[in-house]
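Undergrad: return a 3D structure for these sequence lines:
(chains A and B)
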Amino acid sequence: EVQLVESGGDLVQPGGSLRLSCAASGFTFTSYYIHWVRQAPGKGLMWVSHINPDGTTTNYADSVKGRFTISRDNAKNTLYLQMNSLRAEDTAVYYCTRGFRTTVTTSHYFDFWGQGTLVTVSS
Amino acid sequence: DIQMTQSPSTLSASVGDRVTITCRASQTISSWLAWYQQKPGKAPKLLIYKASSLGTGVPSRFSGSGSGTEFTLTISSLQPDDFATYYCQQYNSYSPWTFGQGTKVEIK
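TA: Below is the predicted model of the structure:
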């Protein structure tokens, strides 16, 4: 059974830092792109970042570029999101999600999601 | 960036109703569109991918159609478990992946 389990969410002050983790199991972690998607309270879904299977390629939404860093430890089947210079508008539930593509030339949709971890940025 | 617009934002319906949600893309995305269902306090769940392909274990009352810039999600006979918020998402290109703003299906 595919499982993605996020952790690390917390209350943090503006300007602070936090590292989220996502532990994966039930599939070959090293074969998949993994993404972070967030959802502010009462709002819709927003893609944040993704990383390729071997960790050599990453991408970020403009609103987090330069502040957030995605990484993965394939030996531990774990994804990370290092969040620095946090702002009130970063307050959200952060989901990790597996990117699935039907061919090697196509982009991905998100076929499995974790339960999410809440990040609150407030003084 | 490709903008995704859903309509309506809220939909009131009764059990047994046929329900249709529309999603429009700001530029053509071929058939690279997915639909997700989200219930309060839960993670989104994949319903449809490639505009019309049913996700694993998704009931056959859900169907998707469309290509280019206009897409629809249809629930043929609304069930109590289907009251939720639905999102479309384009995956025509890499970065950024974008979602519609969501359609909340409420009990009439």
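
Undergrad: enumerate every residue touching the nearest residue to A:Val93 once chain neighbours are set aside.
TA: Excluding the flanking residues, the one nearest A:Val93 by CB to CB, 6 or more residues apart in numbering or on different chains is A:Gly116, at 4.1 Å. The way it works is simple: take the backbone N, C-alpha and C, and place the C-beta from them, glycine included. Contacts for A:Gly116 (CB atoms under 8 Å, 6 or more residues apart in numbering or on different chains) come out as A:6, A:39, A:93-95, B:43.

Undergrad: same thing but 7 Å
TA: Contacts of A:Gly116 were listed using CB atoms under 7 Å, 6 or more residues apart in numbering or on different chains, and they are A:6, A:93-95, B:43.

Undergrad: secondary structure class for A:Glu30?
TA: Check again: residue A:30 is Thr, not Glu. Recorded secondary structure, A:Thr30: helix (DSSP: H, G, I helix; E, B strand; the rest coil).

Undergrad: my read: it touches A:Pro53, true?
TA: Yes: assessed by CB atoms under 7 Å, A:Thr30 is found in contact with A:Pro53 at 5.6 Å.

Undergrad: give me the most central residue, chain B.
TA: By CA atoms, centre = their mean, chain B has its centre lying nearest to B:Trp35, at 3.7 Å.

Undergrad: from B:Ala43, how far off is it?
TA: B:Trp35 sits 15 Å away from B:Ala43, going by CB to CB, to the nearest Å.

Undergrad: repeat for A:Val121
TA: With distances taken as CB to CB, A:Val121 is found 21 Å from B:Ala43.

Undergrad: quick check: residues of chain A near chain B?
TA: Residues of chain A lying close to chain B by CB under 7 Å from any CB of the partner chain are A:44-45, A:47, A:59, A:61, A:95, A:102, A:107-111, A:113-116.

Undergrad: confidence score at B:Ile107?
TA: Looking at B:Ile107, its pLDDT is 89.

Undergrad: same check, this time on A:Thr105
TA: Listed pLDDT for A:Thr105 reads 78.

Undergrad: sorry, back to before: more neighbours, A:Thr30 and A:Pro53?
TA: A:Pro53 (16 against 12; other CB atoms under 10 Å in any protein chain shown).

Undergrad: who touches that one in this structure?
TA: Neighbouring residues of A:Pro53 by CB under 7 Å, 6+ apart: A:30-33.

Undergrad: how about the residues of chain B near chain A?
TA: Checking chain B against chain A by CB under 7 Å from any CB, the hits are B:32, B:34, B:43-44, B:46, B:49-50, B:87, B:89, B:91-99, B:101-102.

Undergrad: write the PyMOL selection for whichever of the residues you listed are buried.
TA: Applying 16 or more other CB atoms under 10 Å in any protein chain shown to these, the buried members can be selected in PyMOL as follows:
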select buried, chain B and resi 32+34+43+44+46+49+50+87+89+91+92+96+97+98+99+101+102
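
Undergrad: which ones among the residues of chain B next to chain A map onto strands?
TA: Among the residues of chain B next to chain A, the members found in strands (DSSP state E) are B:34, B:46, B:49, B:87, B:89, B:98-99.

Undergrad: can you list the residues you listed in CSV and add pLDDT and distance to B:Gly57?
TA: Formatted as CSV, those follow (pLDDT from 0 to 100; distance: CB to CB, whole Å):
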residue, pLDDT, distance to B:Gly57
B:Ala34, 97, 15
B:Leu46, 98, 10
B:Tyr49, 96, 13
B:Tyr87, 98, 18
B:Gln89, 97, 19
B:Thr98, 96, 26
B:Phe99, 97, 22
